[in-house]
Structures are given as C-alpha cells and as structure tokens.
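# Structure for this input, please:
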Amino acid sequence: MIASRIPHVLAGGLHKLISQPLTNRLRCSSSLSGICSNMAYTIVERGSPYSPDYRVYIQNKNGPVSPLHDIPLMVDGSKKIFNMVVEVPRWSNAKMEITMKEILNPIKQDVNKGKPRFVANCFPHHGYIWNYGALPQTWENPEHLDDGTGCKGDNDPIDVLEIGYRVAKRGEILQVKILGTIALIDEGETDWKLIAIDVKDPLADQVNDVQDVEKHFPGLLKASVEWFKIYKIPDGKPENQFAFNGEAKPASFALKIVDEVHRFWKSLVNKEVDAKGISCVNTTLDGNAFQISINEAKEVINKTPPYSQPQAIDPIVDKWHYVHLK
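Reported below is the predicted structural model:
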C-alpha cells in the first residue's frame, strides 16, 4: 500500500476520526528547496495514538516529505512570513515533537520512563496554552554557545508559540508572522521560544511586535513565562530559568535568531558539521547527499505499523497541579 492510500486521521480530538485528510494550501520558497506554488500538505498517521509506535508523517502532492528538511522555512521573504509545523494543538497535553533521529522526521509522542509523555496541568493552565510547534529548516546547534544566553543550543528545530484564536491540528502547516521571542534555559540549554501569530488570524494585521502582544493579548506573555518555569515541577524537576530575566525580545531580535538557526540547519544538511545521529534524509533538496526517492520514502512509511485506534488515556492526565513558585 502506498502512502497516499493509507487512511488519514486528523488529531483535533482525542478519539474522533475524520475521513478527509488535513490539507493546508500555501505559497512557499526556500534557498535549498526551490519554489512550490499552491502546495498541499497532508498527514499520514501510523500506529496507535498515545502509544510508542504512533507517528505522524507529512506528505505533499508528490509523496512523503520531512517536516524538518523539506518544508521551506520561508513563505514570503518580503513580508517575513514563515511556515510553522504544529506539533501540539492548544489545550492538549500529549507532548508531541518532530523526531530528529528517524528517517523523514515524523512527529511522535515523547517518552518518559518508558511511557508516552503528557505535560502536567499547572493551575490555572490547561495543557499547552498556545498552538506549539517548530519552524522547518532550523536547528539549534548544540555546539554553538549563544552570546546572549551563555548556553548552547538544544539540538532541535526552533520552537514556536502560535497565539491566534484557532486551535490548530497536529501536523498542520501554518503561515505565521514572528512577533518576538523569549529565551528559555531548559536544563542548561538555550531553548528559544518564538512568539508568532497565524497570518489568517483576525488580529494578525494589528500585531507586529511584542508590545502589540501585550496590548491585544494582555497577560499572555507573563503566563507564557510562568508556564515554562513550572511545567516540569510536577515531574520532580526544578523550576526552569530564562535569559534576559524572562523579558520578551522584539521581532527584529527574533528574526536574527531565525536567520542564525536556519544557517545552522544548512550546515547540517550540507555535511559541514557532524549530524551525530540526526536524520537528514529528504525527498526535495535536489542534489543533496541525503535525498531519497519518493518511492523509497513511501516504503519507509509502509514498514511502520498501520493506524489503529487510540490507546486509552489515564485520567491522571487531567489532574490539576498547584505549584508554588519560590
């Protein structure tokens, strides 16, 4: 069975199956992957949701792609509009992430002590308080010591907090405008969190920088810093720290960080640095040493377990945790 014939399931609800594929139409361009017009991305779910074998693969009209390497970073260079890969829809708890070391970098659920990981609800927050995801074609180099934070990168694509009103879907590709960034120091590593908004959001034209976020989303920046400070405390870990005293840096600063992590990604796929196990396999970067054919990529997906019903979620996931900051 080829990938295009595998049943598609949207993950907006915990157990609701929807017959039609998730599709996002967008204009995009990239220095490495050329230009695509009206490209449609769909998801292919494999395995059982909330189990270790669950995977979300991304494909375009030609076949499978890597959300890390094949989806272009930039949608519109003149307007500074970027593609964002949604990993975790707002209000949900399952810790989903782009897999760095698997071929085609599918989205999967993180594992903690051998079990799928769910983030704790730290009162008054429920799950993730934004659509959470990453920018494609970026990499926070773990060998690069950041001058501003004094810490090295976390070895992942750069994270994005999308603050628009709509709850996105897992694997969805959004077009976003970057408004600023906060610099989380997570277990000694620099973990940038970009603040962004879907360009289709009704407020997108009025929100261009961090001061606009505070004006139109009062309290959200403070809540975001608090969320990251405390979300691991119920797991027995210490409070996270921030560079710049938790101050959100403006859009101009954030865009420079994006340029930097995009350059790091280029060095990765061009074999200028040691990938150390990161899969750079792609299907669209013409002439790249890691490129494979669409048929080979389909075979990768076909060898994974077919989609099956979601696993039951332990009710403890819904527990409120009351965390007192020092």
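
# Spatially central residue in this protein, please.
When the chain is reduced to its mean C-alpha position, the nearest residue by C-alpha atoms, centre = their mean turns out to be G133, at 2.4 Å.

# How about that residue: which residues does it bridge to?
V86, V160 (DSSP bridges).

# mind checking pLDDT for it?
According to the predicted model, the pLDDT of G133 comes to 98.

# Can we start the residue count at 29 from this point?
With the count now opening at 29, the last piece we talked about shows up as G161.

# Quick check, it in contact with I186.
No. At 10.1 Å, G161 does not count as touching I186 under the criterion of C-beta atoms under 8 Å. Glycine gets a C-beta too; all of them are placed from N, C-alpha and C.

# residues touching the residue lying closest to K260 once chain neighbours are set aside, list them.
Distances taken as C-beta to C-beta, 6 or more residues apart in numbering place N268 nearest to K260, at 6.6 Å, with adjacent residues excluded. When contacts are counted by C-beta atoms under 8 Å, 6 or more residues apart in numbering, N268 touches 212-215, 256-260.

# Same check on S307?
With contacts defined as C-beta under 8 Å, 6+ apart, S307 is in contact with 94, 128-133.

# So which of these wins on neighbours?
Neighbour counts for the contacts of S307 were taken using other C-beta atoms under 10 Å; the highest belongs to S94, with 29 neighbours.

# pretty sure that residue contacts N316?
No. Counting by C-beta under 8 Å, S94 does not reach N316; the two are 11.1 Å apart.

# between the two, what contacts are shared?
For the pair S94 and N316, residues contacting each of them under the criterion C-beta under 8 Å, 6+ apart are N310.

# Can you give me the pLDDT of the residue nearest to K260?
93.

# Tell me where the stretch 29-178 of the chain has strands.
Secondary structure of the stretch 29-178 of the chain (DSSP state E, counting those that start in this stretch): strands located at 52-58, 62-74, 83-88, 91-93, 102-104, 109-116, 124-126, 135-137, 139-140, 143-144, 149-150, 159-162.

# With distance to N310 as new columns, can the ones you listed be given to me in JSON lines?
Shown next, in JSON lines, are the strands of the stretch 29-178 of the chain (distance: least, C-beta to C-beta, whole Å):
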{"stretch": "strand 52-58", "distance to N310": "11"}
{"stretch": "strand 62-74", "distance to N310": "12"}
{"stretch": "strand 83-88", "distance to N310": "12"}
{"stretch": "strand 91-93", "distance to N310": "7"}
{"stretch": "strand 102-104", "distance to N310": "17"}
{"stretch": "strand 109-116", "distance to N310": "14"}
{"stretch": "strand 124-126", "distance to N310": "13"}
{"stretch": "strand 135-137", "distance to N310": "16"}
{"stretch": "strand 139-140", "distance to N310": "25"}
{"stretch": "strand 143-144", "distance to N310": "27"}
{"stretch": "strand 149-150", "distance to N310": "37"}
{"stretch": "strand 159-162", "distance to N310": "16"}
